[in-house]
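S.K.: dropping a prediction and its sequence here:
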There are 2 protein chains.
Amino acid sequence: MSPWHLSRRRLFGLAGAGAALAGAGAAAGYGLSGAPAADGVVAFRGEHQAGIVTPAQDRLHFVALDLTSTDRAAVADLLRRWTAAAERMTTGRETAVGGAIPANRYAAPADTGEALGLPAASLTLTFGVGPGFFDKLGIADRRPPQLAGFPRFQGDRLDPARSGGDLCIQACADDPQVAVHAVRNLVRDGFGVTEVRWSQLGFGRTSSTSTGQATPRNLFGFKDGTNNLKAEEPDLLAQHVWVGDEGPDWLRGGSYLVARRIRMHIETWDRSGLDEQEQIIGRDKGEGAPLTGTGEFDLADLTATGPSGPVIPDDSHIRLASAEANGGARMLRRGYNFVDGTDGRGHLDAGLFFVAFVRDPLTQYVPMQRRLARSDALSEYLEHNGSAVFAVPPGLAEGDDHWGRALLA
Amino acid sequence: MSPWHLSRRRLFGLAGAGAALAGAGAAAGYGLSGAPAADGVVAFRGEHQAGIVTPAQDRLHFVALDLTSTDRAAVADLLRRWTAAAERMTTGRETAVGGAIPANRYAAPADTGEALGLPAASLTLTFGVGPGFFDKLGIADRRPPQLAGFPRFQGDRLDPARSGGDLCIQACADDPQVAVHAVRNLVRDGFGVTEVRWSQLGFGRTSSTSTGQATPRNLFGFKDGTNNLKAEEPDLLAQHVWVGDEGPDWLRGGSYLVARRIRMHIETWDRSGLDEQEQIIGRDKGEGAPLTGTGEFDLADLTATGPSGPVIPDDSHIRLASAEANGGARMLRRGYNFVDGTDGRGHLDAGLFFVAFVRDPLTQYVPMQRRLARSDALSEYLEHNGSAVFAVPPGLAEGDDHWGRALLA
């Protein structure tokens, strides 16, 4: 039986939940492909966790949690409950009505209810573990060397309250209410074992993860993620995203998630001229074409020179972030724009919540970020104030009860 | 000519902007009714400002600004520029490409560009003035008595950094990127005259403003706004929302906007039983029916009693917020859910950004909130930490250059 097979029992349960449940219609289209069905359900189980190469949704709620318990059995039990809840919420949410409206009226509802009647909205939930997870649970010997804190990069102004975390949950959906509902209910399940360390809402994905998606724009007004790795490139994903034989058993087929909260000094940026902006990025603003081309997907010619030097400047962002400048290293980016109120000095607190999935953060992210922090003309407009890295285990096959089983065995 | 008439010149300008401009298609459906056209453009001009009784969109970016200038002419000039920019952004955004990609490549673009290629997304921009606007501009004698600070309500824990403001802009849209883009560009236009005091993003509208909309749920998991005033009830709107002859000339046909940032203690709420939750609200959680009925829109019978007293308890939210308990006073609610990271103590900072439009805040909001703060069983789960009130001038007729003209004349 395919791991994505929708059992008769589940269908029956859905029918029994009644016509009021919008999720029922959605679940009927539960996709076999791992891609979202037309009705907005992304398969929860598969070779890899959903939310990495599945098409980037437009809304994010990301939460980092700390363990408040060092009891391995309690943590395993939580992961098991999280897995069951995540599967329920991302697929047919067939028990949502029963969870929100319990038969025992004097009991606290199992589900908080604010997503009642909403469709699954392409919800994906992606889990990871941070460096501290291993120390607190007495399994530091199982921590892969790639899961280390980052060195301090030039210009970093990291806020500890927005950095790190023993665990993470990335919730992405077409509807923020659905993403927030999922995180809230998982956080609630974690009481006594985990507590929220930081959380970030995002909107307007800043890259595409499949060739069918248009390239969105970041808050500098430029298309972002044109050269992103795509779901349709499995060989490149195997090379750059999925942990292979070099990693521990429990992480093969998984990945590493790098998160950086990057405040953008949009007021300063907005005062710079169009030409200056384009020289800094290395692309034109309207079309998103490299300065050596005319179409967005034209390959950048990093060797082209003009009267005043390289057409794509030496300190431009796309040159310094290119695979060519980074020993061939590439990343799968999956970030979001954010606006979090104000900075208390009369400006909006806005920027990019950078999320990237890589096979090895130490060889793919660290050298590139060191180069960007030192030389990128764009750095003047950026402030990295949050940072975290997590190991993201592979997906679950049918019957697997949680994605931490091999890790905690 | 109808004030909502789409001129040939504007159509011509749109066509000239080129096929890349998604807004062009949208503008062709620029509605005559004031309601959003199928393609997502809400008319900017009309008897009332858009964003009050026009159908509530699902995303909000609200910003309160302080005047940094006391120069009335400079403020009038800003309001004029804001009006032009707002009309451009909410309608066909026909100059967006030209604004983001200026002909002079060495000039800073007039538009920041992150909404390039996005549709109008039902964007509405609603402007208001707070109490300080009048003091700073030396026109305190024009401030209506209704535009006063609120008394302190029991339990208020107001943060000055999240309260007040000399001006406000409420941006609502189907797409947060569009709302954020609008606020950002207006804030940018205001440099030297205004600065951001506070700003709030919201998602998942918490009430309906027209009978065609389904009632959404707040973060307590209950349907919210079932009894809201609706666009289809003009007599009730005239009675409860629009300022009439009692107000100053510049405000007739306008309204007052009450904003309250209400943190919800969702963790405590989530531990309470279904029955307790329903007794506190006065409605059932699944359907949203009053405890005396079975359907969401059944009228609540506040006189019904059961074995242990009133079926809808004396301290229930819907009783204390009812028109019956408040001398007939009603409000047009237009709030949003929010999640703003964490509270630093392991919990999500989540709640309701309450927005209501009323004809007189002193008689419609203040007594009701005093009653709720003192007696509502729900208050135990709430913390009001932001508060503001603004006077919202009427809409603009064709040819009016800004909504502050009568006020500043």
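M.R.: Received the coordinates, thanks. Residues are numbered from 1 along each chain as shown, chains lettered A, B, ... in the order given.
S.K.: in the stretch 301-409 of chain A, which residue sits closest to chain B?
M.R.: With CB to the nearest CB, the shortest gap between the stretch 301-409 of chain A and chain B falls at A:Gly346, namely 3.3 Å. The C-beta positions use only the backbone N, C-alpha and C, and glycine is treated the same way.
S.K.: what about the residue nearest to that residue when sequence neighbours are not counted, which SS state?
M.R.: Excluding the flanking residues, the one nearest A:Gly346 by CB to CB, 6 or more residues apart in numbering or on different chains is B:Glu195, at 3.3 Å. When classified by DSSP: H, G, I helix; E, B strand; the rest coil, B:Glu195 comes out as strand.
S.K.: and B:Glu195, what pLDDT?
M.R.: We have a pLDDT of 96 for B:Glu195.
S.K.: so how far is A:Phe203 from the closest residue to A:Gln177 other than its chain neighbours?
M.R.: The shortest distance from A:Gln177 to any non-neighbouring residue, by CB to CB, 6+ apart, is to B:Gly204 (4.0 Å). Separation of B:Gly204 from A:Phe203 (CB to CB, to the nearest Å) stands at 13 Å.
S.K.: who touches both of the two?
M.R.: Here B:Gly204 and A:Phe203 share the contacting residues A:Pro176, scored by CB atoms under 8 Å, 6 or more residues apart in numbering or on different chains.
S.K.: the more surrounded of those two?
M.R.: B:Gly204 (27 against 23; other CB atoms under 10 Å in any protein chain shown).
S.K.: give the other helices and strands that the helix or strand where the more buried one lies contacts.
M.R.: Using DSSP states H and E, B:Gly204 sits in strand B:194-205. Counting by 3 or more CB pairs under 8 Å, 6 or more residues apart in numbering or on different chains; DSSP states H and E, the packing neighbours recorded for strand B:194-205 are helix A:176-189, strand A:336-342, strand B:59-67, helix B:176-189, strand B:336-342.
S.K.: after the second one, next one along is what?
M.R.: Spelled out, that is strand A:336-342. strand A:348-358.
S.K.: that next one vs chain B: in contact?
M.R.: Yes: against chain B, strand A:348-358 shows contacts by CB under 8 Å from any CB of the partner chain at A:Leu348, A:Ala350.
S.K.: partners of that strand in the sheet?
M.R.: strand A:255-264 (antiparallel), strand A:332-333 (antiparallel), strand A:336-342 (antiparallel) (DSSP bridges).
S.K.: I'd like the ones you listed laid out as CSV, including distance to B:Gly351.
M.R.: Compiled in CSV, the strands paired with strand A:348-358 are given as follows (distance: least, CB to CB, whole Å):
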stretch, distance to B:Gly351
strand A:255-264, 22
strand A:332-333, 32
strand A:336-342, 13
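S.K.: need these in a markdown table (columns: mean neighbour count, distance to A:Phe133 and mean pLDDT).
M.R.: Shown next, in a markdown table, are these (neighbours: other CB atoms under 10 Å in any protein chain shown; distance: least, CB to CB, whole Å; pLDDT from 0 to 100):
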| stretch | mean neighbour count | distance to A:Phe133 | mean pLDDT |
| --- | --- | --- | --- |
| strand A:255-264 | 24 | 13 | 98 |
| strand A:332-333 | 26 | 23 | 96 |
| strand A:336-342 | 23 | 24 | 94 |
